[in-house]
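> Got a predicted structure here, sequence first:
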Amino acid sequence: MRKILCIQLGRTGLFLGDSFWTALRDDHGLKHPGKYPSFPKPRRFGTIAKREAYKKELEKYRKKRSRYLFGINTFFDGQDELWYTPRALLVDTDPTMRDNASNFAVPPTLENWITGNGDADANWAKGYYSRGPELIDQIVAAAEKPALENGFAGVILFHSLGGGTGSGLGTLLLERLRAGGKFRTIATVSVLPSTRMQENVLEPYNAVLGLSKIAKLADLCFLVDNEALRNLAATLMHAADPTYPEMNMVAGRILTDVARLISGIGLPRLAGYLLPEPWMNLISISAARFHPQDTSLDPRDLLQQAFSVHNGLVAFPSEAGKALVRSLFFRGSLNHNTAMKELRRLQDQLPPPFPDWPSNYMVPHFQTLGPTGLKNNLTMVSNHTGVKTALIRLLGEFDQLYRKRRHVASYTSQGMRETEFLEAVDAIRDLIQAYQQIEAQQVDRDEDEAK
């Protein structure tokens, strides 16, 4: 039960998803468009020694192939032992996006591409009430088709919360998928907009409207905050002003490690572990920085980098909240005993958030195959109350717009009630308050213990 369908929705979803597939394809050792290199067959051996040498090389090839292709059926459909195609559905309301897809990692076909007749114009209401309904039946039918297969675990939606298609149609799609009941686990990779990289003034409206609903519909929301991603990409790419392709490349590399973790333990199991309560489903991801291929970091260095506030896809100060659950994925050549020793040392320094909390709230996972081009690495997936920092920032950006009722008419003209703005804000505030209440429990318990 580990097969996953990835839906790439809207412009951001398409390009971020493409970077993800490119990185995951490379990580599995596949060559474009999806073939694992075959082992050459010799015409003649000549001598017994050459025959034996060939057998040894063939055995090495088979072991290497087994390591690289481990778990590949989670995200790829195999046509035979060597050819693999990403299990993806690509959707956009804008029909022109299909013209830009010739170099995508997912080759466009009639089955995996769905486009509309016009853009959602970066407007949640247009994506939800106007453009979305034109496509929703076709999208749901295409998405539910793989769900009939044996071993199907769920769906992951790649989308932006700042766009009209990603937020509006994304909300409508998750409503339909949840109501259909065909998917055991529904997850999203949701990109939060940043005012420093704002492409449209309506992004705060779209993000609040979308996140207020999607957080209730999805089992897991892996957040990618453009503010944090830009800073991380600037450091890794040595660029003062990183481009969107560079940012997508960084995010794609990190999300590939998350995909490898999902391939190893399954999406439902990961969701069950990361969620102390069903509503606590906003997940942050951080990783040790990419280092040169000839450099092998020790577990302490990997942990130090993964725990750094500068290496996450959602940025918040270390004192901004409590980590409720952490899943740590070590990859590559490292000593497992040393890694466990360093992790126990770290757990002693960072005790559980509450006295009665399980002591194993940090769970390690290991894979001997390192990421592409790296000897080893560590990716950490966390349920951390610090994500409220991004929500507070988002509400502040929303208030700056809504205080003067700017552009409200462009939403109500699509059939949306203005009270939906207020309902969405209340939902986000309730979420922030819920995280704050969890943090307050720790403060109260600390005070009681001090008396």
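That came in fine, so what should we check first? Numbers count the residues shown, from 1 in each chain.

> Validate this expectation: L169 resides in a helix.
Yes - applying DSSP: H, G, I helix; E, B strand; the rest coil, one finds L169 inside a helix.

> Please tell me I have it right and it contacts L9.
Yes - with contact defined as C-beta atoms under 8 Å, L169 counts as touching L9 (6.4 Å). From N, CA and C alone the C-beta is placed, and that goes for glycine too.

> The two: who's more crowded?
Comparing L169 with L9 by other C-beta atoms under 10 Å, the one with more neighbours is L169, at 32 against 28.

> OK, contacts around the more buried one?
By C-beta atoms under 8 Å, 6 or more residues apart in numbering, the residues touching L169 are 9-10, 91, 93, 120, 127-128, 131-132, 135-136.

> mind listing which of the residues you listed are in helices?
Within these, membership in helices is found for 10, 131-132, 135-136, as judged by DSSP state H.

> Overlap in contacts, L169 and L9.
V91.

> quick one: contacts for the residue nearest the centre of the chain?
By C-alpha atoms, centre = their mean, the chain has its centre lying nearest to V189, at 4.0 Å. Shown in contact with V189 (C-beta under 8 Å, 6+ apart): 16, 20, 156-159, 222, 224, 255.

> What does it show for phi and psi?
V189 adopts backbone torsions of phi -110, psi 100, taken as degrees, to the nearest 10.

> What of S284?
As for S284, its main-chain torsions (degrees, to the nearest 10) stand at phi -110, psi 150.

> what are the bridge partners for it, then?
S382 (DSSP bridges).

> From V363, how far out is it?
S284 sits 16 Å away from V363, going by C-beta to C-beta, to the nearest Å.

> what about the two, which has more around it?
S284 (25 against 16).

> For the more buried one, give its distance to L324.
11 Å.

> Next one: A320, what pLDDT does it get?
With respect to pLDDT, A320 scores 80.

> Can you get me a residue count around it?
A320 - counted by other C-beta under 10 Å - has 18 other residues nearby.

> What of V309?
V309: 15 neighbours (other C-beta under 10 Å).

> Same question for R393.
18.

> Could you do T412 as well?
13.

> now the one 5 residues further on
Residues contacting R417 under the criterion other C-beta under 10 Å number 11.

> Same check on F70?
Neighbour number of F70 under other C-beta under 10 Å is 16.

> so where does F158 fall, helix or strand?
strand 152-160 (DSSP states H and E).

> let me redo that: A259
helix 244-265.

> So which of the contacts of V189 is the closest to Y244?
L16 (9.1 Å; C-beta to C-beta).

> SS state for that closest one?
helix.

> ok, now which ones touch it?
8, 158, 189, 191, 224, 248, 251-252.

> So A147 is in contact with I186, correct?
No - here A147 lies out of contact with I186, judged by C-beta under 8 Å, at a distance of 11.0 Å.

> Between these two, which has more neighbouring residues?
I186 (22 against 18).

> these two touch, right, the more buried one and V155?
Yes - with contact defined as C-beta under 8 Å, I186 counts as touching V155 (5.7 Å).

> I'd like to know how many residues surround T338.
By other C-beta under 10 Å, the residues close to T338 number 12.

> pretty sure C221 is in a strand, no?
Yes - read with three-state DSSP, C221 is one of the residues of a strand.

> Bridged to it, which residues?
So, taking DSSP bridges as the rule, C221 has T188, L282 as bridge partners.

> pretty sure it is touching L192, no?
No - using C-beta under 8 Å, C221 is not in contact with L192, being 10.2 Å away.

> and Y205, what pLDDT?
97.

> quick one: contacts for it?
Residues near Y205 by C-beta under 8 Å, 6+ apart: 124, 398, 401-402, 407, 411, 421.

> list residues touching both of S284 and L324?
Contacts common to S284 and L324, judged by C-beta under 8 Å, 6+ apart, are 383-384.

> separation between N206 and D225?
15 Å.

> Counting neighbours, go ahead and name the busier of the two.
More neighbours surround N206 than the other of N206 and D225, with 32 against 25 (other C-beta under 10 Å).

> where does the more buried one fall, phi/psi-wise?
phi -60, psi -40.

> Where does the prediction get shaky in this structure?
Along the chain, segments meeting pLDDT under 70 span 1, 43, 291-294, 355, 359, 442-451.

> And the helix holding A259, what does it pack against?
helix 10-27, strand 220-225, helix 226-236, strand 282-287, strand 323-332, strand 362-367, strand 376-384 (3 or more C-beta pairs under 8 Å, 6 or more residues apart in numbering; DSSP states H and E).
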